[in-house]
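Trainee: attaching a predicted model along with its sequence, questions to come.
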Amino acid sequence: MELSSFLNNVALTLENLIGSQLQKGQYRLGFIDLQNLSEIQPLNQKFEILISRCKSCGNATAFLSLQQLDHYLDIEKQSILECRHCQFKVQIPKIHQIREKQGKIYNFLQVQDWQFTKIISKKGRILTISKQERKIQLQYEDQNRNKTIVVEIPKNKAKLLSKLQIQGLYRFKAKIFISKIIDPKQSFLTQLKKGSPTLIPSYKYELISIFPEIA
């Protein structure tokens, strides 16, 4: 697939999906992380994207940039969004101001909020520890197969990170949350029917407790 076709698929999918969530005149700042999509090298990076729903015609337009949008919209576009459907123009704040006002940058690949499913209690070995991100990678046996997960450590349990050891064996409990995300390979690398991205489940784990396993 040509890169122009790929970027067009990204824009159309997000315009249909995210644009339908906005009122006329609204816009939303977010990102998509395509680092694992090796088929589009060297564009398998993180894109920052602004979706704007036109106040005039009601259609959505996506503005994309590798990494961050500041230079593209603040300088090249002079903070003016032009609807690609009817050419209606609107002045917007600087991108850093939009980030601050939103309070967060939306992950446009995630189309469903996280929903709690269940609690697991397992015995596992710590493979990696990230104090900065408050995450640990654990490997445990599940139905006679090794499974590796990344568990987030709540802020009120952050002190635990200084006590944990890589390759240490621990008994842990964690909450499992599920969401749905757009499958980039199926949704962006092939021509799709309008507004029909392929969705796949995504899971995240939040630590409840962890203790050294006594042999």
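Mentor: That came through fine.
Trainee: just checking, next helix/strand downstream of the lengthiest helix in the chain?
Mentor: In the chain, assigned by DSSP state H, the helix with the most residues is helix 3-17. Counting by DSSP states H and E, the element after helix 3-17 in chain order, helix or strand, is strand 27-33.
Trainee: can you list the strands that that next one pairs with?
Mentor: In the sheet containing strand 27-33, the strands it pairs with under DSSP bridges are strand 46-53 (antiparallel), strand 106-107 (parallel).
Trainee: and it, how far out from the chain middle?
Mentor: Distance of strand 27-33 from its chain centroid, counting by CA atoms, centre = their mean, to the nearest Å, is 9 Å.
Trainee: low-confidence regions, the protein specifically.
Mentor: 1-3, 191-195, 215 (pLDDT under 70).
Trainee: so which elements touch the longest helix of the chain?
Mentor: Judged by 3 or more CB pairs under 8 Å, 6 or more residues apart in numbering; DSSP states H and E, the packing partners of helix 3-17 are strand 46-53, strand 60-66, helix 184-188. C-beta coordinates here come from the backbone N, C-alpha and C atoms, glycine included.
Trainee: residue contacts, the residue most central in space within the chain?
Mentor: In the chain, the residue lying closest to the centroid (CA atoms, centre = their mean) is residue 107, at 3.5 Å. Residues counted as contacts of residue 107 (CB atoms under 8 Å, 6 or more residues apart in numbering) are 30, 31, 32, 33, 181.
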